[in-house]
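[1] Fold the following for me, if possible:
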Amino acid sequence: QASGGEDEIQQLQKALLDYLDENTETDASLVFSRKFYIAQWFRDTTMETEKAIKSQKDEDSSEGTHHAKDVETTGQIMHRAESRKKFLRSIIKTAPSQFSTLKFYSDTVDYEDACLIVRYLASMRPFAQSFDIYLTQ
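    Below you'll find the model as predicted:
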């Protein structure tokens, strides 16, 4: 189930990057937006991985009995992070002309769709997910 969610997020990220890449000729600032999103997603992946591994170590030190299960889970965390980073690196290495020829979503993503994708991806960030907690406090 998590990999299905990851695939969906990566498809949305690619759709957004396709949209930004297609419109760079009309708005040069989109080049920087595209680079910013890639860098932010890469950083998020690193931070989420470090946080997940730290929580695994904390659980391991407090319980001490489920060590094999924790190691497997840590391995899965690392594998998922590496697949995300590999996806982002492949996008970085793709030349803009090649990137725009891979128009998987380009016919369906317009400005409104891009705004919805940005809102959805922003809602997945840790701050957005914990916003209700901040409000209740």
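[2] so where's this structure uncertain?
    Across the chain, the ranges flagged by pLDDT under 70 are 1-5, 60-72, 95-108, 128-129.
[3] residue boundaries of the helices in it?
    With DSSP state H as the criterion, the chain has helices at 2-22, 29-63, 67-93, 96-101, 111-123, 126-129, 131-136.
[4] if you compare those, which one is most tucked away?
    Mean neighbour counts were taken over the helices of the chain using mean count of other CB atoms under 10 Å, and the top value, a mean of 16, falls to helix 2-22. Every residue, glycine included, has its C-beta placed from N, CA and C.
[5] residue closest to the middle of this structure?
    Per CA atoms, centre = their mean, the C-alpha nearest to the average position across the chain is that of Trp41, at 4.6 Å.
[6] Enumerate every residue touching it.
    Contacts for Trp41 (CB atoms under 8 Å, 6 or more residues apart in numbering) come out as Gln13, Arg84, Leu88.
[7] from those, which single one is nearest Leu116?
    Taking CB to CB as the measure, Leu116 lies nearest Gln13 of the contacts of Trp41, at 13.4 Å.
[8] That closest one against Arg34, yeah?
    No - judged on CB atoms under 8 Å, Gln13 makes no contact with Arg34 at a distance of 10.7 Å.
[9] Pretty sure Glu48 sits against Ala81.
    Yes - at 7.4 Å, Glu48 and Ala81 qualify as touching, with contact defined as CB under 8 Å.
[10] and for those two, which residues touch both?
    Common contact partners of Glu48 and Ala81 (CB under 8 Å, 6+ apart): none.
[11] residues contacting the nearest residue to Ile53 once chain neighbours are set aside?
    Closest residue to Ile53 apart from its sequence neighbours, by CB to CB, 6 or more residues apart in numbering: Thr74 at 5.8 Å. By CB under 8 Å, 6+ apart, the residues touching Thr74 are Ala52, Ile53, Gln56.
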